[in-house]
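Colleague: model this:
(chains A and B)
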Amino acid sequence: MNKTILKIKNQPNLIIGGIITAVVIFMAIAAPLLAPYHPVDDADLMVSEEPPGSTYLMGTDEQGRDILSRVIYGSRISLSIGIVTQVMNTIIGIILGLSAGYFGKWWDDLVMGLTNIMLSIPSMIFALAIMALIGPGLINVFFALGITNWSYTCRITRSQVLFTRSLDYVKAAKALGYGDIRIMFTQILPNILGPILVIGTLGVASAILLEASLSFLGLGTQPPTPSWGGMLATARNQMFTAPWISIFPGLAIFITVLGLNLFGDGLRDILDPHSVGKIK
Amino acid sequence: MTLYVVKRLLQFIPTIFCISLMMFVILNVLPGDATTMSGGMKRQLDAKTAENMKKQLGLDKPLHIRYLHYIKGLVKGDLGKSYLRSESVNDLIAQRLKPTIQVSLAALLIAVGFGIPLGFVSALKQGTWMDTLSMVGAVSGVSIPQFWLGLILMYVFSLLLGWLPPQGYGGGSLVNLIMPAFTLGVGYMALIARTTRAAVIEVLSEDYIRTARSKGLSEWIVNRRHVFGNTMILILTTVGLQFGSLVGQTVIIEKLFSWPGIGSLLVDSIFQRDIPVTQGCVLVIIGVFLIVNLVIDLMYVIIDPRIQYK
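Modeller: Numbers count the residues shown, from 1 in each chain, chains lettered A, B, ... in the order given. Here you go, the predicted model:
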């Protein structure tokens, strides 16, 4: 235990990233308590495009809504998209990777073929194509991003299964008469949670960036929902007259993603300095 | 070697086929086609005109016939005809290809040109303030939303300083290229810097480096002759793998800077539901990405004589 604490102490990445992430999560949960105004309803055209000041700390947007409140509420959208879609990706990746590595044969070929195809498509293009197919909107963003980024998880799960499958404890479990599913989930999976966690953390960061990009193009979350990318999309036209409308949501994305990336890097260094580093 | 290239090229076929099938089916099954939507707006046509238009575009035939027709064209390198414009998809893409190649190559150049030296310095001066600074810079570069960075750059360099035009192609002149290329290259540069640093640190701990040093070679020669070559292969892998995300990002950068490339054509076609153009752009982008990866794999052979493809 002491060793772990020491390890964590030596990881400024992990600590800084962890603090940033915790603050953002707190902001998302406590949004109604923290935000001085309502992000959508408190629109007042009399105070539109007010620069940052004492009443509006981050200024107001073109409809006179408080940007600080919108940024605070926006953390809910970004975080939930990041986390939910990454959980979806992880589940898809684990199920496909486990079963492919465990059962092998044609199923393995099929899954690996699919994984390679996914890896050969830039994730931005894939997500964009899916959004083009199903149309913009929050729920659709969840779907599109939830099936975009599972290939890394799938690959590493499969390779770990191939490795652990021949180890003694798995053979022992088989000899004890455990079923396939039970072996996969109770014997093999717990041993690969570390790398999956690391990929997951970094995946949340990239999902948040992807959502922001899609919303920026107008294909993601639609106004008036306060999403950071969406706020930037509408603010773009006022960049030269009211730059603060763009600066703060962008800063929020930047800091959140930075926190998650630092946290993921630190986690990687602690959990497994070698294997994960080579895969990502 | 030739056999290997042919094999790899053949492997492209199922990928392209799967993607084209998936996109074709879903795009065409969805409600709303060129007769009901145009330029992002709902379009009201009387029944007869709509009927004629459908016939003209071949939309009156069943789906599988249309797909067969599409695949037949694809084999010949024909991506079909735009629903909205009179040009063929091939022509539309051909016009847009040059700006996209320009901006991606410029970004690549910036990323490699700054990323590799930065990573090297960082690794050789491990633990110093230079190392910390460049690695903080690198993790920030990976985390920054590029379109936001682009907006900030526009504000600073176009509005405040007035040095660069805020957007537009400007006939491909250098002043127009700088901002989009830099914005696109930053994240990539950061990734390359991080990989380079990790690779150099790994190589520095190898036995042959110790041998080289104990032979009395100067640090400069050790670095140039032994470290550089051996790290290149690790760096190249990142350059190749991440080139895809660069290509993906061009979509956003082009839209942001009103750059007339394939990315902005793709986004416009999505909003206009100009299905053949959307399909064509996605296929071309993926095709380019596949070819780039193949080229990178072939470059391994040149860099590392131990690698041979059969």
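Colleague: Now the nearest residue to B:T196 once chain neighbours are set aside: which helix or strand?
Modeller: Closest residue to B:T196 apart from its sequence neighbours, by C-beta to C-beta, 6 or more residues apart in numbering or on different chains: B:G119 at 2.5 Å. (Each C-beta comes from the backbone N, C-alpha and C, glycine too.) B:G119 belongs to helix B:89-124 when assigned by DSSP states H and E.
Colleague: what mean pLDDT does that helix have?
Modeller: Averaged over helix B:89-124, pLDDT sits at 87.
Colleague: tell me the contacts of the residue in chain B positioned nearest to chain A?
Modeller: Residue nearest to chain A within chain B (C-beta to the nearest C-beta): B:G248, separated by 2.8 Å. Taking C-beta atoms under 8 Å, 6 or more residues apart in numbering or on different chains, we find B:G248 in contact with A:P122, A:S123, A:M124, A:I125, A:L128, B:I285.
Colleague: The closest residue to A:L79 other than its chain neighbours and chain B, how far apart?
Modeller: When the adjacent residues along the chain are set aside, A:L79 lies closest to A:A28, with 4.9 Å between them (C-beta to C-beta, 6+ apart). According to C-beta to the nearest C-beta, to the nearest Å, A:A28 stands 18 Å off from chain B.
Colleague: need the next SSE after the helix or strand hosting A:A28, C-terminal direction.
Modeller: If you go by DSSP H and E, A:A28 is part of helix A:12-29. Later in the chain than helix A:12-29, the nearest helix or strand by DSSP H and E is helix A:31-34.
Colleague: what packs against that next one?
Modeller: On a contact count with 3 or more C-beta pairs under 8 Å, 6 or more residues apart in numbering or on different chains; DSSP states H and E, helix A:31-34 meets helix A:67-103.
Colleague: Let me know the angle separating the helix it packs on from helix A:12-29.
Modeller: Counting by axes from the mean of the first three to the mean of the last three C-alpha atoms, to 10 degrees, helix A:67-103 lies at 120 degrees to helix A:12-29.
Colleague: Would you tell me what the next helix or strand after helix A:67-103 is?
Modeller: helix A:105-119.
Colleague: What count of nearby residues applies to whichever residue of the stretch 1-150 of chain A sits closest to chain B?
Modeller: Closest contact between the stretch 1-150 of chain A and chain B, by C-beta to the nearest C-beta, is at A:M124 (2.8 Å). A:M124 has 26 neighbours, counted by other C-beta atoms under 10 Å in any protein chain shown.
Colleague: Could you double-check that it sits in contact with A:A212?
Modeller: No. With contact defined as C-beta atoms under 8 Å, A:M124 does not count as touching A:A212 (11.5 Å).
Colleague: ok, which residues in the stretch 51-200 of chain A are in contact with chain B?
Modeller: Counting by C-beta under 8 Å from any C-beta of the partner chain, the residues of the stretch 51-200 of chain A lying close to chain B are A:113, A:116-117, A:120-125, A:128-129, A:131-134.
Colleague: Just among the residues you listed, which is most surrounded?
Modeller: Going by other C-beta under 10 Å, A:L128 tops these with 29 neighbours.
Colleague: check which helix or strand covers that residue.
Modeller: Counting by DSSP H and E, A:L128 is found in helix A:123-134.
Colleague: Give me the contact list for that helix.
Modeller: Under C-beta under 8 Å, 6+ apart, the answer for helix A:123-134 is A:118, A:140-141, A:143-145, A:147-149, A:206, A:210, A:213-214, A:217, A:219-220, B:23, B:26-27, B:30, B:244-245, B:247-249, B:251-252, B:266-267, B:270, B:278, B:282, B:285-286.
Colleague: and the angle from the helix or strand containing B:I302 to helix A:105-119?
Modeller: Secondary structure from DSSP H and E places B:I302 in helix B:275-303. For helix B:275-303 against helix A:105-119, the angle between stretch directions is 100 degrees (the same axes, to 10 degrees).
Colleague: In helices only, show me the contacts of helix A:123-134.
Modeller: A:118, A:140-141, A:143-145, A:206, A:210, A:213-214, A:217, B:23, B:26-27, B:244-245, B:247-249, B:251-252, B:266-267, B:270, B:278, B:282, B:285-286 (DSSP state H).
Colleague: burial of A:P36, as a residue count?
Modeller: 12.
Colleague: In three-state terms, label it for me.
Modeller: At A:P36 the chain is in coil, as set by DSSP: H, G, I helix; E, B strand; the rest coil.
Colleague: thought it was touching A:R65?
Modeller: No. In this structure A:P36 lies outside contact range of A:R65 using C-beta under 8 Å: 11.4 Å.
Colleague: OK, contacts around the residue most central in space within chain A?
Modeller: Note on chain A: the residue nearest the mean C-alpha position is A:V204, at 1.5 Å, using C-alpha atoms, centre = their mean. For A:V204, the contact set (C-beta under 8 Å, 6+ apart) comprises A:G82, A:I83, A:Q86, A:L260.
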